[in-house]
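Enquirer: Everything below, folded, please.
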Amino acid sequence: MMIIVDGKHEYDYEVHDNVHKLRYSDNDSWTYPKDVAMRIVDDGNGLVVKLDEKGRINYGEAERLIILLKIINKNTKYEVVTNKEML
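Expert: Alright, predicted model coming up:
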């Protein structure tokens with residue numbers, strides 16, 4: 001599955017044996033095209049996400065985590081609105 005971000009093919013998604021992978025696309029903007037950008041494992045008791053030792057993720061990792069979680073939880077529709085939009 002291709003993941004398009006702001007009109008550009010940025011990532012590819014694949015799942016095998018309950019391991020969800022987001023790979024960098026093969027476009028020339030990535031240093032390591034086709035390399036695994038993020039991985040989430042569904043171990044049957046929940047989702048396992050590997051973070052660095054500090055438990056902190058940068059903004060790019062946060063974007064990739066959001067993408068993967070939205071794909072994994074595909075039956076859920078999310079809408080973000082402001083109070084102004086609700087009036």
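Enquirer: okay, CA-based contacts and neighbour counts for the rest of this
Expert: Fine.
Enquirer: List the buried residues in stretch 34-51.
Expert: Under the neighbour-count criterion of 16 or more other Cα atoms under 10 Å, stretch 34-51 has 35, 37-41 buried.
Enquirer: Check the protein for its longest strand and report it.
Expert: strand 8-16 (DSSP state E).
Enquirer: Just give me how far the helix or strand immediately after it in the chain sits from the chain centre.
Expert: The first helix or strand that comes after strand 8-16 along the chain, using DSSP states H and E, is strand 19-24. Per Cα atoms, centre = their mean, to the nearest Å, the displacement of strand 19-24 from the mean C-alpha position of its chain is 8 Å.
Enquirer: got the angle for strand 19-24 vs strand 8-16?
Expert: Angle, strand 19-24 to strand 8-16, by axes from the mean of the first three to the mean of the last three Cα atoms, to 10 degrees: 160 degrees.
Enquirer: Neighbours of the nearest residue to Asp12 once chain neighbours are set aside, how many?
Expert: Spatial nearest neighbour of Asp12, excluding adjacent residues (Cα to Cα, 6 or more residues apart in numbering): Met2 at 4.6 Å. Residues near Met2, counting by other Cα atoms under 10 Å, number 14.
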